[in-house]
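Undergrad: could you work out the structure for the sequence below:
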Amino acid sequence: MKQIVIILAVACVAVLADNYMCGKRGAKFECFESAASDRFCLTGGAHPEVVCGKCRKKADFCTKGLVMSKRPAIDCGASYESTPCTTGNSEVPATY
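TA: Got it, this is the predicted structure:
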(Lines give C-alpha, C1' and ligand atoms only; values in the text may rest on other atoms or scores of the structure.)
Protein backbone atom coordinates (compact mmCIF):
# COMPACT_ATOMS: atom_id res chain seq x y z
CA MET A 1 0.00 0.00 0.00
CA LYS A 2 2.81 2.39 0.91
CA GLN A 3 4.52 1.72 -2.43
CA ILE A 4 1.38 2.58 -4.37
CA VAL A 5 1.03 5.90 -2.56
CA ILE A 6 4.68 6.76 -3.28
CA ILE A 7 4.31 5.84 -6.96
CA LEU A 8 1.15 7.93 -7.27
CA ALA A 9 2.82 10.90 -5.56
CA VAL A 10 5.81 10.73 -7.93
CA ALA A 11 3.49 10.45 -10.94
CA CYS A 12 1.47 13.51 -9.81
CA VAL A 13 4.62 15.58 -9.36
CA ALA A 14 5.85 14.55 -12.81
CA VAL A 15 2.55 15.50 -14.43
CA LEU A 16 2.19 18.83 -12.62
CA ALA A 17 5.83 19.89 -12.93
CA ASP A 18 6.93 22.14 -15.77
CA ASN A 19 9.63 19.83 -17.13
CA TYR A 20 10.57 18.76 -20.62
CA MET A 21 12.70 16.05 -22.16
CA CYS A 22 15.56 18.01 -23.64
CA GLY A 23 17.69 16.70 -26.46
CA LYS A 24 21.47 16.65 -26.41
CA ARG A 25 23.30 19.86 -27.26
CA GLY A 26 23.44 20.22 -31.04
CA ALA A 27 20.53 17.80 -31.64
CA LYS A 28 17.66 18.96 -33.83
CA PHE A 29 14.99 20.84 -31.86
CA GLU A 30 11.60 19.25 -32.44
CA CYS A 31 8.35 20.55 -31.05
CA PHE A 32 4.73 20.60 -32.18
CA GLU A 33 3.38 24.07 -31.50
CA SER A 34 -0.13 23.88 -30.09
CA ALA A 35 -0.38 27.35 -28.56
CA ALA A 36 1.63 29.84 -30.63
CA SER A 37 -0.15 32.90 -29.26
CA ASP A 38 -0.08 31.92 -25.57
CA ARG A 39 2.24 34.08 -23.47
CA PHE A 40 4.39 32.76 -20.65
CA CYS A 41 6.43 34.59 -18.04
CA LEU A 42 9.72 32.77 -17.54
CA THR A 43 12.19 33.31 -14.72
CA GLY A 44 15.54 31.92 -13.67
CA GLY A 45 17.84 34.11 -15.72
CA ALA A 46 19.19 37.61 -15.20
CA HIS A 47 15.69 39.06 -15.68
CA PRO A 48 12.19 37.67 -16.33
CA GLU A 49 11.18 37.13 -19.96
CA VAL A 50 7.80 36.97 -21.70
CA VAL A 51 7.78 34.40 -24.51
CA CYS A 52 5.08 33.30 -26.94
CA GLY A 53 4.31 29.65 -27.62
CA LYS A 54 4.88 26.38 -25.87
CA CYS A 55 7.80 25.52 -28.16
CA ARG A 56 9.66 28.70 -27.22
CA LYS A 57 8.95 27.93 -23.56
CA LYS A 58 10.45 24.47 -24.05
CA ALA A 59 13.45 25.90 -25.93
CA ASP A 60 14.21 28.38 -23.15
CA PHE A 61 13.77 25.68 -20.51
CA CYS A 62 16.22 23.40 -22.29
CA THR A 63 18.81 25.96 -23.42
CA LYS A 64 18.66 28.67 -20.75
CA GLY A 65 17.23 26.85 -17.73
CA LEU A 66 14.23 29.19 -17.50
CA VAL A 67 11.04 28.03 -15.80
CA MET A 68 7.50 29.38 -15.64
CA SER A 69 7.04 32.06 -13.02
CA LYS A 70 4.83 31.16 -10.11
CA ARG A 71 3.88 34.87 -9.86
CA PRO A 72 3.86 36.17 -13.45
CA ALA A 73 1.97 39.39 -12.73
CA ILE A 74 4.71 40.42 -10.29
CA ASP A 75 7.73 39.15 -12.23
CA CYS A 76 6.71 40.24 -15.75
CA GLY A 77 4.13 42.92 -14.99
CA ALA A 78 0.36 42.84 -14.74
CA SER A 79 -0.05 43.26 -18.50
CA TYR A 80 2.44 40.57 -19.59
CA GLU A 81 -0.36 38.67 -21.38
CA SER A 82 -0.77 41.57 -23.81
CA THR A 83 2.89 41.50 -24.84
CA PRO A 84 3.04 41.35 -28.66
CA CYS A 85 4.41 38.13 -30.15
CA THR A 86 7.42 38.90 -32.34
CA THR A 87 10.20 36.78 -33.82
CA GLY A 88 12.34 37.86 -30.88
CA ASN A 89 10.10 36.21 -28.29
CA SER A 90 8.52 33.39 -30.29
CA GLU A 91 11.20 32.03 -32.66
CA VAL A 92 12.69 28.67 -31.71
CA PRO A 93 16.23 27.48 -32.46
CA ALA A 94 16.97 24.80 -35.03
CA THR A 95 19.07 22.87 -32.51
CA TYR A 96 19.33 22.52 -28.74
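Undergrad: where's Met21 relative to Phe61, distance?
TA: Using Cβ to Cβ, to the nearest Å, Met21 is found at 10 Å from Phe61. Placement of C-beta: from N, CA and C, glycine included.
Undergrad: between the two, which is the more surrounded one?
TA: Phe61 (18 against 6; other Cβ atoms under 10 Å).
Undergrad: helix, strand or coil for the residue lying closest to the more buried one once chain neighbours are set aside?
TA: The shortest distance from Phe61 to any non-neighbouring residue, by Cβ to Cβ, 6 or more residues apart in numbering, is to Tyr20 (5.4 Å). Assigned with DSSP: H, G, I helix; E, B strand; the rest coil, Tyr20 falls in the coil class.
Undergrad: now Ala46
TA: Counting by three-state DSSP, the backbone at Ala46 sits in coil.
Undergrad: separation between it and Phe61?
TA: Here Ala46 is placed at a distance of 16 Å from Phe61 (Cβ to Cβ).
Undergrad: what's the answer for Ala35, then?
TA: Taking Cβ to Cβ as the measure, Ala35 falls 15 Å from Phe61.
Undergrad: swap in Val67?
TA: Separation of Val67 from Phe61 (Cβ to Cβ) stands at 7 Å.
Undergrad: who's in contact with the residue nearest the centre of the chain?
TA: With distances taken as Cα atoms, centre = their mean, Lys57 lies nearest the centre of the chain, 3.4 Å away. The contact partners of Lys57, taken as Cβ atoms under 8 Å, 6 or more residues apart in numbering, are Phe40, Leu42, Val51, Met68.
Undergrad: all strands for the protein, in order.
TA: Using DSSP state E, the strands of the chain run over 39-43, 49-52, 67-68.
Undergrad: make JSON lines from these and add mean pLDDT, distance to Cys85 and mean neighbour count to it.
TA: What follows is those, written out as JSON lines (pLDDT from 0 to 100; distance: least, Cβ to Cβ, whole Å; neighbours: other Cβ atoms under 10 Å):
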{"stretch": "strand 39-43", "mean pLDDT": "97", "distance to Cys85": "7", "mean neighbour count": "22"}
{"stretch": "strand 49-52", "mean pLDDT": "96", "distance to Cys85": "4", "mean neighbour count": "23"}
{"stretch": "strand 67-68", "mean pLDDT": "96", "distance to Cys85": "17", "mean neighbour count": "16"}
